[in-house]
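> build me a model:
(2 chains)
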Amino acid sequence: MKIRTRFAPSPTGFMHVGNLRTALYEYLTAKHEDGTFVLRIEDTDQERYVEGATDVIYNTLKTAGLTHDEGPDIGGDFGPYVQSERLNMYKPYAEQLVKECKAYYCFCTKERLDELRASAKEGEVIGYDRHCRCLPQSEIDEKLAAGIPYVIRQMAPLEGESTYHDCVYGDITIKNEELDDQVLIKADGFPTYNFANVIDDHTMGITHVVRGSEYLSSTPKYNALYDAFGWEIPTYIHLPLIMGKSVDENGETVVSKLSKRHGSTGFFDLVNEGYLPEAIMNYIALLGWSPAGEFENREIFKMEELIKAFDINGISKSPSVFDYDKLEWVNAEYIKAMSSEEFLAHAKPYYDDIGVDAGCYELLEEILKPRITRFTQITEKLEFLKELEDYDIALFEHKKSKSTLETSKDALEAAIPLLAECDWTREAITEVLTGLAAAKEVKNALIMWPVRIAAAGVAVTPGGCAEVLILLGKDEAIRRLNIGLEKITKG
RNA sequence: GGCCCCAUGGUCAAGCGGCUAAGACGGCGCCCUCUCAAGGCGCAAUCACGAGUUCGAUUCUCGUUGGGGUCACCA
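Alright, predicted model coming up:
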């Protein structure tokens, strides 16, 4: 039988990387076995409806490279794929359970439930007291006839225990007395999330339920439902949570469930910060899963390779901390692996912003590729190209190369006329400068350092002296060198 | 608080009774070098604790501690 997994997000307008990783694993679980990946939108909560939120979901999946085989936008044999369009399906299933004495009408008011909870002792948490579980039929009919609002609750088993198997966590056992008589249909006639989930998963033929480990303890409730209907329980794959690390007000490092206070955790937030979608997916694939066999110790995976390498056995049980440093590294690896065309396509907007000459593209790629971990850094790396800022002549002094104001002045005086006559190529410039050093019998650094400083006006530049000069263009470069010389001369 | 789950360096992690306990990120050092990177080489850093089982436990069992999750007419 073909594996079918589903991604069932709620349209909140925000895609958390934790949810996205769940989607990734759902996708990989299916695709590794050549199965089907289904997208279902869970939008039963009208109050939380956000305009355009479903588009965020489509866009996320698209840019993340997780293409679904069935879904609201592309259809499929198990539609509709939007829960709000399935609303009339759920109640009959619940009524069926009522008829079979596996569920019951509950007329308890919200107030009564609130009082119940309020009556709980300090620190104690109590569930529903099953007040309506054994109402006489006459009373039920009476209330129904009177139009008293009701919910439908499942009759959970009262004793014994339930065990189920999870592919990651093994056998999980829970005492049945822990199970609540959960609401299936709300007073407004809408299904609860849990109920809709089970009905949808079953009717959509979902074989593998992949979800976060926060569902580990509520899974017996789901299973009770499958059992009540006599349906086959799906294969469960619960995923460890992704945690975030932050520093609290006392300076203590705290680790907790990844959330906004840990920095950017929305997929598009990360993309906007310059992380490549492929790199993000690559990184989060490795959060909670490690490759084995021929893929052991491998860190960089294209999506097709992930599909091939993915194995449920490699999923770990313990939560993992989202590490921005490692993501940064993965992103840099992707940049380094880019072709010139790809690199330019990503860099172009930043180039245009600065106004660099197309003739410099090749050189810039060479310079920038090993130096940026995100394309957004280009602007800052090329800052020196814009305007020559006023700078402190102390910059000319460099201990290691023994550069001083004195040697810098000499170097600039000698270099400027030579450069003025020089072909403006990297090779020619390098030759002139090293030639000058040789003629003066000094180390290259004594020439390169002051020339580069005068040209850039800052100590740190991407690339070396010749590269900086080329990027500036001959006229601007010579102009800046003269300014440098003037500054030193004036003191 | 009840219940469930988890526990190898700072982080991601391999390990599945016997190993000098992999690898990666990060850190540090060295090399290269006109700066910054990249690259190369190297170093430091881990089995939470306590009982068992066993000839032998990181590995199996129990307990302790710590962490996380969950207890809605939310999804």
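> now do the strands in the stretch 151-300 of chain A.
A:151-154, A:161-166, A:170-175, A:183-185, A:208-212, A:235-239, A:242-247, A:253-257 (DSSP state E, counting those that start in this stretch).
> as a markdown table, those with mean pLDDT would be great.
As requested, the strands of the stretch 151-300 of chain A are exported to a markdown table (pLDDT from 0 to 100):
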| stretch | mean pLDDT |
| --- | --- |
| strand A:151-154 | 96 |
| strand A:161-166 | 94 |
| strand A:170-175 | 93 |
| strand A:183-185 | 96 |
| strand A:208-212 | 97 |
| strand A:235-239 | 98 |
| strand A:242-247 | 78 |
| strand A:253-257 | 70 |
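> tell me which of those strands sits nearest to A:Arg6.
Smallest distance to A:Arg6 across the strands of the stretch 151-300 of chain A (CB to CB): 8.0 Å, for strand A:208-212. In short, each C-beta sits where N, CA and C put it, glycine included.
> looking at chain A, what residue ends up closest to RNA strand B?
As assessed by CB to the nearest atom of the strand, RNA strand B sits closest to A:Gly464 within chain A, at 2.4 Å.
> break chain A into its domains for me.
A:86-239, A:242-336, A:338-381, A:386-490 (automatic domain parsing).
> got the end-to-end distance for the second one?
End-to-end span of domain A:242-336 (CA to CA, to the nearest Å): 28 Å.
> the third one too?
Distance between the two ends of domain A:338-381: 19 Å, counting by CA to CA.
> hmm, it touching RNA strand B?
Yes - Domain A:338-381 reaches RNA strand B (CB under 7 Å from any atom of the strand) through A:370-371.
> on that earlier part again, ranking the domains of chain A by mean pLDDT, which is last?
Lowest mean pLDDT within the domains of chain A: domain A:242-336, at a mean of 89.
> out of the strands of the stretch 151-300 of chain A, which comes closest to A:Asp392?
strand A:242-247 (34.8 Å).
> touching, A:Ser340 and A:Glu365? I think so.
Yes - counting by CB atoms under 8 Å, A:Ser340 touches A:Glu365, with 5.9 Å between them.
> more neighbours: which of those two?
A:Glu365 (15 against 12; other CB atoms under 10 Å).
> doesn't that one fall inside a helix?
Yes - assigned with DSSP: H, G, I helix; E, B strand; the rest coil, A:Glu365 falls within a helix.
> return the distance of it relative to A:Ala454.
Separation of A:Glu365 from A:Ala454 (CB to CB, to the nearest Å): 26 Å.
> now do the helices in the stretch 101-250 of chain A.
For the stretch 101-250 of chain A, helices defined by DSSP state H, counting those that start in this stretch occupy the ranges A:110-118, A:137-145, A:193-203, A:219-229.
> could you list which residues are in contact with A:Ile354?
A:378-379, A:382, A:385-386 (CB atoms under 8 Å, 6 or more residues apart in numbering).
> I'd like the domains of chain A as CSV, with distance to A:Lys62 appended.
Formatted as CSV, those follow (distance: least, CB to CB, whole Å):
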stretch, distance to A:Lys62
domain A:86-239, 20
domain A:242-336, 9
domain A:338-381, 18
domain A:386-490, 33
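> which one of those domains lies closest to A:Met15?
domain A:242-336 (4.5 Å).
> and that closest one, is it in reach of RNA strand B?
Yes - using CB under 7 Å from any atom of the strand, we find that domain A:242-336 touches RNA strand B at A:243, A:245, A:254-257, A:286-290, A:292, A:296-297, A:299, A:313-314, A:316-321, A:323, A:325-326, A:328-329, A:332, A:336.
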